[in-house]
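1. Below is the structure, and that's it, no one-letter string:
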């Protein structure tokens, strides 16, 4: 059997959902991100553009884009892939359309996580990201094809062809579209739609290249050599996926967490004269920059901005719409105290961990903190109470405390209750469309 045929067998018949509790939490976390993303200017523009596209694949595209643009969705560090924002909305939308629920939904979600993480890991996701390839974008059709194939009940051979077709419909990057209505999120939604198309076409008898991993496709087009061991890795995926504790690029979080811990130990931000951040070389350039007014991406990826916010305005770090017209003087002053440098010694932790070392100069001397794992990582896991609190803080300002509580209850119970996918999806769509 080819690698793709083995993966097709796993998609069609394997991956029994033995991680139901983890699935519940990741579904709820993704729903919170989805609603929060819908309330941003980008989300409102995207929803308006997609309003008259109501086929099931089009709804998958819109829902996945809204969840992913939140930038507060889950992430698998070693693969560099953010699976939940693609897999969960797609699975709920397809399940609601087909009338699938319960175990069928749970297994489809688990299979989708497996597919995206395995492909991202096999292609070296964290390293190719800094070549300009977006691992999540490249893996999205593959993961959603796996979800759809499972829910459609495809045979092993059909599932293998669905995966092969999805790879032919994949794209590696979106360049760097800017502005308040960046096409980045339209692109990731379209990638999810392509995964549905791949599964539906395989169901209708269309075929893909079943030797795509053994041939020269990846090496000649992308300059990549997929690792077959990681493609077939059967270790549990969900247990290795991190929740994001606040809204920012994950590469900034270890340094920000280090600062939070130093402040919690008794150091006052007003007494800090110099802060030196060390990170692994691959993501130095990504996070070492200032911010551009109204440019959300620059705020989310600037480690100096994220650290300043954590020190001086911590209540705002869960705001998914971070793109102010002006930066407060105090934030600018604190950012100016921060310098960032590469430290090759930290590579020994990377990419399983995305670490940072912080040295802060205080009147009493220097305070140093190395952070390998932030809250929400598997080594510092979120439980249901922490997921629920994050959900509440994201949704209550948008839909109210009571509606947010009801959405959380529906999200946590979607794998267990009859008719739950259709009910939950209708409530999410109602919350996303609510006037702001």
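-> Sure thing, it's come through. These numbers come from a predicted model, not from an experiment. Numbers count the residues shown, from 1 in each chain.
2. what's downstream of the helix or strand harbouring residue 254, the next helix or strand?
-> With elements taken from DSSP states H and E, the one containing residue 254 is helix 253-264. Once the chain leaves helix 253-264, the next helix or strand it forms, by DSSP H and E, is strand 274-279.
3. chain center to the helix or strand where residue 136 lies: distance?
-> Using DSSP H and E, residue 136 sits within helix 135-152. Per CA atoms, centre = their mean, to the nearest Å, the displacement of helix 135-152 from the mean C-alpha position of its chain is 14 Å.
4. quick one: low-confidence parts of the stretch 301-436 of the chain?
-> Residues of the stretch 301-436 of the chain meeting the criterion pLDDT under 70: 436.
5. Sketch out the strands for it, chain order is fine.
-> With strands called from DSSP state E, counting those that start in this stretch, the stretch 301-436 of the chain shows them at 338-342, 356-362, 365-371.
6. Tabulate the ones you listed in CSV, adding columns for mean neighbour count and distance to residue 274.
-> For glycine as for every other residue, the C-beta is placed from the backbone atoms N, C-alpha and C. Shown next, in CSV, are the strands of the stretch 301-436 of the chain (neighbours: other CB atoms under 10 Å; distance: least, CB to CB, whole Å):
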stretch, mean neighbour count, distance to residue 274
strand 338-342, 17, 8
strand 356-362, 21, 4
strand 365-371, 15, 9
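7. Could I get the ones you listed in JSON lines, plus columns for distance to residue 121?
-> Shown next, in JSON lines, are the strands of the stretch 301-436 of the chain (distance: least, CB to CB, whole Å):
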{"stretch": "strand 338-342", "distance to residue 121": "24"}
{"stretch": "strand 356-362", "distance to residue 121": "22"}
{"stretch": "strand 365-371", "distance to residue 121": "23"}
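8. that older thread, for the helix holding residue 136, the averaged confidence score.
-> For helix 135-152, mean pLDDT rounds to 98.
9. helix, strand or coil for the residue nearest to residue 224 when sequence neighbours are not counted?
-> Closest residue to residue 224 apart from its sequence neighbours, by CB to CB, 6 or more residues apart in numbering: residue 218 at 4.6 Å. On the three-state scheme (DSSP: H, G, I helix; E, B strand; the rest coil), residue 218 is labelled helix.
10. Just list the residues touching residue 218, thanks.
-> Applying CB atoms under 8 Å, 6 or more residues apart in numbering, we find residue 218 in contact with 123, 212, 224-226.
11. okay, the angle between the helix holding residue 254 and strand 365-371?
-> 140 degrees (axes from the mean of the first three to the mean of the last three CA atoms, to 10 degrees).
12. Helix 253-264 vs strand 356-362, what angle?
-> Using the same axes, to 10 degrees: helix 253-264 against strand 356-362 is 30 degrees.
13. Counting neighbours, which of the contacts of residue 218 comes out on top?
-> Highest neighbour count within the contacts of residue 218: residue 123, with 25 neighbours (other CB atoms under 10 Å).
14. Which residue is the nearest non-sequential neighbour of that residue?
-> residue 224 (5.4 Å).
15. While we're on that neighbour, how confident is the model there?
-> Looking at residue 224, its pLDDT reads 95.
16. quick one: secondary structure of it?
-> State at residue 224, reduced to three classes by three-state DSSP: coil.
17. That one and residue 1: what is the separation?
-> Distance from residue 224 to residue 1, counting by CB to CB, to the nearest Å: 22 Å.
18. what do you get for residue 92?
-> Going from residue 92 to residue 1 by CB to CB gives 32 Å.
19. Settle it for me: which of the two has more neighbours?
-> residue 92 (29 against 11).
20. Any chance of the backbone angles for the more buried one?
-> The phi and psi torsions at residue 92 (degrees, to the nearest 10) take the values phi -60, psi -40.
21. check contacts around it.
-> Counting by CB under 8 Å, 6+ apart, residue 92 has contacts 63, 105, 414, 421, 424-425, 428.
22. Go again with 6 Å.
-> Residue 92 makes contacts with 421, 425, as judged by CB atoms under 6 Å, 6 or more residues apart in numbering.
23. Setting the sequence-adjacent residues aside, check what's closest to residue 406.
-> residue 427 is the one closest to residue 406 (CB to CB, 6+ apart), at 7.3 Å.
24. Counting neighbours, what do you get for that neighbour?
-> Neighbours around residue 427, by other CB under 10 Å: 18.
25. Distance-wise, check it relative to residue 402.
-> As judged by CB to CB, residue 427 and residue 402 stand 12 Å apart.
26. For residue 113, see how far away residue 96 is.
-> Residue 96 is 19 Å from residue 113, by CB to CB.
27. More neighbours: which of these two?
-> Using other CB under 10 Å, the more surrounded residue of residue 96 and residue 113 is residue 113, with 32 against 21.
28. which element is residue 42 on?
-> Assessed by DSSP H and E, residue 42 sits inside helix 41-49.
29. Could you look up the next helix or strand downstream of that helix?
-> Moving toward the C-terminus from helix 41-49, the next helix or strand (DSSP H and E) is helix 56-69.
30. what residues does that next one touch?
-> Residues outside helix 56-69 that contact it (CB under 6 Å, 6+ apart) are 30, 33-34, 37-38, 42-43, 46, 50, 73, 85-86, 89-90, 93, 97, 185, 188-190, 192-193, 196.
31. Tell me, how many residues neighbour residue 65?
-> Neighbour count of residue 65, defined by other CB under 10 Å: 31.
32. With adjacent residues omitted, what lies nearest to it?
-> Leaving aside its chain neighbours, residue 65 sits nearest to residue 189 (3.2 Å; criterion: CB to CB, 6+ apart).
33. need the contact list for that neighbour.
-> Residue 189 neighbours (CB under 6 Å, 6+ apart): 61, 64-65.
34. distance of it from residue 97?
-> Separation of residue 189 from residue 97 (CB to CB): 17 Å.
35. Likewise for residue 314?
-> As for residue 314, its distance to residue 97 is 41 Å (criterion: CB to CB).
36. When the two are compared, which one has more neighbours?
-> residue 97 (18 against 13).
37. Please name the nearest non-neighbouring residue to the more buried one.
-> Distance criterion CB to CB, 6+ apart; nearest residue to residue 97, sequence neighbours excluded, is residue 56 at 4.5 Å.
38. same check, this time on residue 346
-> Leaving aside its sequence neighbours, residue 346 sits nearest to residue 280 (CB to CB, 6+ apart; 4.6 Å).
39. I'd like to know how many residues surround that neighbour.
-> By the measure other CB under 10 Å, the count of residues near residue 280 is 23.
40. and it, what does it touch?
-> By CB under 6 Å, 6+ apart, the neighbours of residue 280 are 346-347, 350.
41. If anything else comes up later, I'll come back, but that's it for now.
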